[in-house]
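Asks: When you get a sec, could you give me coordinates for this:
(chains A, B, C and D)
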Amino acid sequence: MDAALKRRLEARFGEGLQGPVRQRHDETEIRIAPAQVPDVLRTLHDEADFHFQLLADLAGVDTGTAMQVVYHLWSTTSSDWLRVIADGLPREDPRVPSITFLWRGAEWMEREAYDMFGIIFEGNRDLRRIYMPPDYTSFPLRKDFYLPDDAARSPGGGVRHMEQPEAPLAPGKTLVRRTRA
Amino acid sequence: MTVMSRAWGRLTLPGKVIFTAIPLLLAVGVALALVVGILGGPIVELASQYGAVLRFLVAATIILVITIPTAFLIIFMEMKIIAFMNLRVGPDRVGPWGTLLSVVHGLKVLVKEDFTPSGADPLIFTLAPVVVYGSSVMTLVVLPFAPGLFAQDFNIGLLYFFAMGGLAVVGLLMAGWSSFNKYSLLGGLRSAAQMVSYEIPLTLSVAGLLLLAGTMSVNQLVANQSGWFTNWYVFQQPLGFVIFFIAVTAEANRTPFDLTEADSEIVAGFATEYSGMRFGFFFFAEYVNVFIVSAMTVALFFGGWNAPFPFPALAILLDPGSLGIWLLLGIAIVPLVGTLLLSLPFLLTRSSMPAWQAIVLGFVLFNVVVIGLLGVWAFVSFDWVAGLLWFLAKTYVFVFTFVWMRATLPRVRIDQLMGFAWKWLMPAALLNLFVTAGAILVVGR
Amino acid sequence: MNLIPGIGIVRGMSLTLRRFFQPKVTIRYPEVPSDVAVKFRGRLQLLYDENGSLKCETCFQCAQACPIECIDMGGMDTKGRFHVHWGAAETYGERREESALRRSGRPVPDPAYERFAPIDIAAVDSILEDFDHDPAQLLGILEATQAAFDYLPVGALKRISERTGTGYAQIYGTASFYGHLRLGALGAPAAAPSAAPYLAALAAATGAAGRQADA
Amino acid sequence: MTTHASMDDPRVTLDEQLGSFEPIPPYPPRTEREQEFYTVADGEMLVNIGPHHPSTHGVLRVVMKLDGERVVDIDPVLGYLHRGVEKLCENADFHHTISYMDPLEYVSSLFCEWPAVMAYEKLLDIKVPRRAEYIRVLTGELNRISSHLLAMGFHALDLGGITPILYSFIERDEMVEMLASITGQRMLFNYFRIGGVNGDLNHEFMSRLGDWMSRATAQVEANQGLLNENEVFVRRNRGVGTIDAQTALKMCWTGPNLRATGVPFDIRRAHPYSVYPELDFDIPTRSEGDSLARYLLRIDEIKQSLRIIDQCLHQMPDGPVMARVPRLMRPRPGRAFATVEAPRGQYSIYAVSDGTDQPFRFRIHDPSFLHLQSFTLLMPGQLLADWMTINASLDPIMGGIDK
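Replies: Now for the predicted structure:
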C-alpha cells in the first residue's frame, strides 16, 4: 500500500474526486465523474509525479443501477496499481469520453466494453461490435441480460431443479430424447 | 447352374485365379496368333520402315508409365525421410515399413470427388493440370538413363529441357487464373514471376559448361565425362553447379522456394481449388519434377551414368545354345538342388520348424540368391545395367538432398526470392561464364 | 548472422542429418499404451459392481460433497420408480445416465423420463407455512402433504426441498424410508409405452415422402 | 448477371456472382474506420484470411487490402471463438470460475488460473502457504518454457520450416507429462486453488523434472540451432514488424513483445507477486523491436525460467500446500485486481464481489488481444507473407483473445 500516492492524488485532484481515495492490498482506487476522464487520465499520464504510462486494463461494469468504466494504470513511481473508476454513467445512455488519444491500444478494449455493455466512448473512431455479430442487438454483460438457462445459477439458494412443476409440454414433445421406439 | 456355382464355391483362391486365368490366356493367345497371322506382314514392314518412330513411341509410353511409380517412390521417400529427421517414425502401417502408403494416397486421390468451383473457367481449369504434368513428362524424353537407354537424343537436348521446364509456368498460371480464387491467383502470379526470374540464371549457369563441352546434346555431355570422377563437370564448374542447383530448386518449386504453394500463406496456391485426380496431377508433377531436376543435375555435373572410376569391363556372355542337353538338365535340377541345399540349414538346426516351412524358406532364399547373382552378372556384363544403376543411385542422392532441404529450411519471401535471383545469381552466373570463357582462351582447349 | 554466408544453413542441415540417424521418439500408440499420470482425473464412472448391477444408488452424497459442484448426476432411484436429478439442467448428463441404465441390462421404464405431473403448489405452500418451513418437522410436513395429495408427488417433494433448504436427497430418503408414505398414487398403473403412435407417424412420414417423390 | 450450367450437376444453373467472395459487409459502414477500410481503390483487392487458415493460430479472420502482394490495410475480425466466459463466471461459484479459466490461453493454462486465484485471495484476505507459492512459481515457469517453445516452433512452421515444431513438441511433451503427474491433466491443468494448490509435488514429477533439467539447456539450444543462425529465417524476420518503445506503450503492449522494444517491464519485478522477490533472475530486453528480437527474447526468457526453476527446487520450504479456506466463499463486497506475467504478457483479472458466492463482475484481460490489435499499425506496407511472420512473433492465442 502506497500512502504517498494517496497523498499526492488528494493534493492534485482534491475536490474533483467523488469520494475518498481507497486503498487495499496493492491497489489504490479513485472515483471521478465521466466528464473528467480525459483530464484526469492525461494528468496521470503526463505529470512527473504520477507518470502512469501503461494502461493495464479497461473494463466496463454494470452495477445494476449505473454503469462504470474502470481503468487500471501502472506507473514507475508507485508500487500500486491505480484504479480510476468513472462512476455514475446512466444505464439508459452511458457515454464517456474515449481515451484513445492517450493510449491508442485502448481502442479495442473500448470496443469490447461497447459490445458487452453498450457504453459509448465518444471519440473512438472504430466503435463497433467486436465479439458479437454485427446484427446483434443486446448487450450480454449487462445485469438485465439473463442467461436463458437459469439453472446454471448458484446452488446457494437451495436445490436446483431439473423438472420444474409447470404446465405440461405439448403432446409429442419431451425434453429428454426417447431412444426406444 | 447350381452345380457350377457349387463347384466354384469349393475352389480355393488360387484355384479360382487359375480357372479364370487359363481361359483368358487362351483367348488372348488365340487372338494374338490370329492378328499376327493376318496382319503380321504389314506390321513388320511398317515397323522396319519407321523404326525410329516406333522406337520413340515405345519409349514415350514407357516414360509416361514410369513417372507414376517414380512419383510414388519419391513421395514415400519424402514422408519417411522427413519423419526420420523430425525424430518421428513416419508411415509404417500400409505395407512393409509403410511403403504402400503413397500408393494408397494415389488411390485416394483417384476416388475423391472431382469438382469445379462455380465461378471457375471449366475448360482452362481442366486443362491446367494436363499442361503441368505434360511438361514434366516431356522433359524426361531427353534424359539419358544409361548408354543407349534414352528416348530421344537431340542435338539441342538441353535447350529442349529448359523450354519444357518453362512450359510448366503456363499450366500453373492457367490453374491460378481459372480457379476463381484469390489465393490461387496469387499463387499463379508468384509462380510466373519466380519461374521467369530463375530461368535466366538457370540457363546462364550451364552456358560455361556448354563452352567447355561444345555440345548441347545431353548424351554427348554425359559421354564427355567418362573415365575417372575428376572428369565430372562439377570440378570444372563448381560455381555453375551451385547456381544451377539453386535455380533448379526454384524451378521445381521446392523448399525454400516453394512460394507458389506456400501452405501457411496462400493455403495451397494455385492448387487451392483442385481436388481429386486433377490435384493428383499437380501433386505427381511436383515429384516427377524433383526426379527430373535431380537427374539433370547428375547428367550435367556428376557424370550421368558414368561410374566414378573406370570399371573393369567383364563380359561374361553365355550362349545357351552351346550347352546342349546340359541346359535342359540345369533347368530341371539346379532349382531343386538349390532349394534343398538352402533349406538344409533350417531342417538341421531348427527342430521346431516343420519341413515344409523350411523348404519354402529355402525356395525363397534360392530365388534371392539367383536374382542377386543375375543382377551381378548383368551389372558386370551389360554396361547399360551398370549405367542405369549408377545413374539412379546418383539421382536419388540428389532427391534425398531435396527432401533434406525441405525438412530443414523455412521458406523465403517473394521479394527476397526475386532479389536473390537478380542481384546474386545472375551476376554470379555471368561471372562464371566470363571466367570460363577467359580460361578457355588462355588454356586454349 | 555469420561471416561466411550460408554457414547457418549448413549447420541446420547437419543437425537434421544427425537427427536422421538418431533413435525415434514416437510412441506407437495402439501397441504401446501411453502411461496414465498418477493423479489422472478422467471421467467419473460408477456403473457396475462385480455382480453386474448398478453401483450408483443415486444418493447424491458425492454431488453434495463436491466443492466446485462439478458432479452432475441423475438416474433411477433404487426402487426403480422415479427419475431423480442433481445438478444443472443438462440434457447431456441425462442421456448419459439413461444409456448407462440401458447398458446395465435392467428394464428401463420410459415414463421415468417424462416430466412429472403438475401439482397445486399453493397446497404445499400452505402446509409449509403451517410448519414454519422448519426442516426439523420434515416428517410432519410429508405426512400432511400425503394427506393433501393422497400420495407424495415429486413436485411437492421438490417444493419442500426448495422452500426448507433441505437437500432433495434427504427429503427423498425420508419419504422412501417410512412405509406409510407413498411416492406413487394408489392403484394407478403406469401406462406401458406403445409403439403404435410412432408407427403411425412413421407411416405418415413415409407416405408423405412417397407422395413427394411422385410429384 | 451471368449464369452458366454447373459442371457437377447439369440441372443446376449457377449465378456467377454467388461464387465470388465479397468481404464488404452487407450493411452500411458503421464507423469512420470501417468506411475507410472497405473503400477499395483502383488496383487494390480485399483478401480474406481465415477463420480457418493454417497460420491464424486459432479461429481468427483478417481481411487484408492488398495491392499486388503488398498490404495496404488490414482489419482483424474477432469473435469466432467467443464463448462468453465472463458471463459464465458471473454465474458460477468462485471455485467454479477457475475451471473456466483453463481453456482461455490453452498453451499456458496455469497463467490463466493464477490471476483468478490471486484476485480471490485478495478479496478474501487469504494468506497462501509459502510452499504453495513456490509450487505455483515452479509449475508456472515450466509452463512458460513449454509455451515459449511452442511459440518458437510455430514461428518456424508459419515460415515454412516443418521440423522445429516437432523438436519443440518433444520437449513440450516431456513438460506436459511432468505437469500431468502433479495436476492430473496434460493441458487444462486446473491445478491452482483459492488458498494454495491441488496436491503436493510427488515423486514422479520430481524424478521427471530432475531428468529433464539435466539436459534441458543443451537440448533446447541444439534444437534452436536449426533457426537462430539460419540465413533464410533471419532474413525473413529482421526488420519485419518493427515497433518502437513509445508506440508499444501507447498500444498497451506487455510481456516479451514489449521487452523486445527495450522496455524492461516485467510484472514479476515491477509488481512482485508470489515469491518472485526471493528469486534471482534477470529481465532480458532487446532494443530492435522487430520479429527477430521477439523470437530471440523468448530464448533468453527460457534460460531465465530454467534458472528460476533451479532456485525453486533448492529453496522449496516444507509445509502445507493449502490454506484453510471455507468451502462456500462469500467475500465481503469489494474489488480486486490481480495480474501475473504470463508468457504473452500481463494477464490480469479484475473481480468485483457483491457479498454473494459468485463474482459480481469478472473481467479477463488478455495480452494477446492488444498485440493482435497492433496489426493495423504493423502491417501496412509489408508483404502478405510478413503477416505470418508478425503474427507468429506476436504469438497470439485466440482462445484467450475471444474469451
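Asks: low-scoring stretches of chain C, by residue?
Replies: Along chain C, segments meeting pLDDT under 70 span C:1-3, C:42-60, C:63-117, C:185-215.
Asks: Mind splitting it into its structural domains?
Replies: Using automatic domain parsing, the domain parsing of chain C gives C:61-113, C:121-177.
Asks: and the longest one, is it in reach of chain A?
Replies: Yes. Using C-beta under 8 Å from any C-beta of the partner chain, domain C:121-177 comes into contact with chain A via C:Ile121, C:Val154, C:Gly155, C:Lys158, C:Arg159, C:Ser161, C:Glu162, C:Arg163, C:Gly165, C:Gly167, C:Tyr168. Any C-beta I mention is one placed from the backbone N, CA and C, and that applies to glycine too.
Asks: Only alpha carbons, please: show the host helix or strand of D:Thr217 as PDB.
Replies: Element membership for D:Thr217, per DSSP states H and E: helix D:203-224. The C-alpha coordinates for helix D:203-224 follow below in PDB (Å, rounded to 0.1, in the frame of the first residue of the first chain):
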ATOM      1  CA  HIS D 203       7.900 -38.400  -6.700                       C
ATOM      2  CA  GLU D 204       7.100 -38.900 -10.400                       C
ATOM      3  CA  PHE D 205       7.200 -35.200 -11.000                       C
ATOM      4  CA  MET D 206      10.400 -34.700  -9.200                       C
ATOM      5  CA  SER D 207      12.200 -37.500 -11.000                       C
ATOM      6  CA  ARG D 208      11.000 -36.400 -14.400                       C
ATOM      7  CA  LEU D 209      11.900 -32.800 -13.700                       C
ATOM      8  CA  GLY D 210      15.400 -33.700 -12.500                       C
ATOM      9  CA  ASP D 211      15.900 -35.900 -15.500                       C
ATOM     10  CA  TRP D 212      14.700 -33.200 -17.900                       C
ATOM     11  CA  MET D 213      16.600 -30.300 -16.200                       C
ATOM     12  CA  SER D 214      19.900 -32.200 -16.600                       C
ATOM     13  CA  ARG D 215      19.600 -32.000 -20.400                       C
ATOM     14  CA  ALA D 216      17.100 -29.200 -21.000                       C
ATOM     15  CA  THR D 217      19.600 -26.400 -21.700                       C
ATOM     16  CA  ALA D 218      21.600 -28.400 -24.200                       C
ATOM     17  CA  GLN D 219      18.600 -29.800 -25.900                       C
ATOM     18  CA  VAL D 220      16.800 -26.500 -26.300                       C
ATOM     19  CA  GLU D 221      19.900 -24.900 -27.600                       C
ATOM     20  CA  ALA D 222      20.600 -27.700 -30.000                       C
ATOM     21  CA  ASN D 223      17.100 -27.500 -31.400                       C
ATOM     22  CA  GLN D 224      17.200 -23.800 -31.800                       C
END
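Asks: tell me the secondary structure for C:Pro33?
Replies: coil (DSSP: H, G, I helix; E, B strand; the rest coil).
Asks: Could you count how many residues lie near it?
Replies: The local packing of C:Pro33 (other C-beta atoms under 10 Å in any protein chain shown) involves 9 other residues.
Asks: That one and C:Ile27, how far apart?
Replies: C:Pro33 is 9 Å from C:Ile27, where distance means C-beta to C-beta, to the nearest Å.
Asks: Now tell me which helix or strand of chain D has the poorest mean pLDDT.
Replies: The weakest-scoring helix or strand in chain D, judged by mean pLDDT, DSSP states H and E, is strand D:13-15 (a mean of 51).
Asks: and the next element down the chain from that strand?
Replies: Once the chain leaves strand D:13-15, the next helix or strand it forms, by DSSP H and E, is helix D:32-37.
Asks: what comes up buried for that next one?
Replies: Within helix D:32-37, the residues that qualify as buried are D:Arg33, D:Glu34, D:Phe37, counting by 16 or more other C-beta atoms under 10 Å in any protein chain shown.
Asks: Then stretch B:270-280?
Replies: B:Phe270, B:Ala271, B:Thr272, B:Glu273, B:Tyr274, B:Ser275, B:Met277, B:Arg278, B:Phe279, B:Gly280.
Asks: quick one: is it near chain D?
Replies: No. Applying C-beta under 8 Å from any C-beta, one finds stretch B:270-280 separated from chain D by no less than 10.2 Å.
Asks: So for that stretch, first residue to last residue, what's the gap.
Replies: End-to-end distance for stretch B:270-280: 13 Å, by C-alpha to C-alpha, to the nearest Å.
Asks: in chain A, which spans are strands?
Replies: Under the criterion DSSP state E, chain A carries strands at the ranges A:22-24, A:27-32, A:52-62, A:67-75, A:81-89, A:95-97, A:120-122.
Asks: Turn the buried residues of stretch B:270-280 into a markdown table, columns for pLDDT, distance to D:Ala260 and secondary structure.
Replies: Formatted as a markdown table, the buried residues of stretch B:270-280 follow (pLDDT from 0 to 100; distance: C-beta to C-beta, whole Å; DSSP: H, G, I helix; E, B strand; the rest coil):
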| residue | pLDDT | distance to D:Ala260 | secondary structure |
| --- | --- | --- | --- |
| B:Phe270 | 84 | 36 | helix |
| B:Ala271 | 84 | 37 | helix |
| B:Thr272 | 85 | 34 | coil |
| B:Glu273 | 85 | 39 | coil |
| B:Tyr274 | 88 | 41 | coil |
| B:Ser275 | 85 | 42 | coil |
| B:Met277 | 85 | 48 | helix |
| B:Arg278 | 87 | 45 | helix |
| B:Phe279 | 89 | 41 | helix |
| B:Gly280 | 88 | 45 | helix |
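Asks: still on that earlier bit, B:Gly303: which of the buried residues of helix D:32-37 is nearest?
Replies: When these are ranked by distance to B:Gly303 (C-beta to C-beta), D:Phe37 comes first, at 59.5 Å.
Asks: Pull the contacting residues for that closest one.
Replies: Going by C-beta atoms under 8 Å, 6 or more residues apart in numbering or on different chains, D:Phe37 touches D:Val63, D:Lys65, D:Asp73, D:Asp75.
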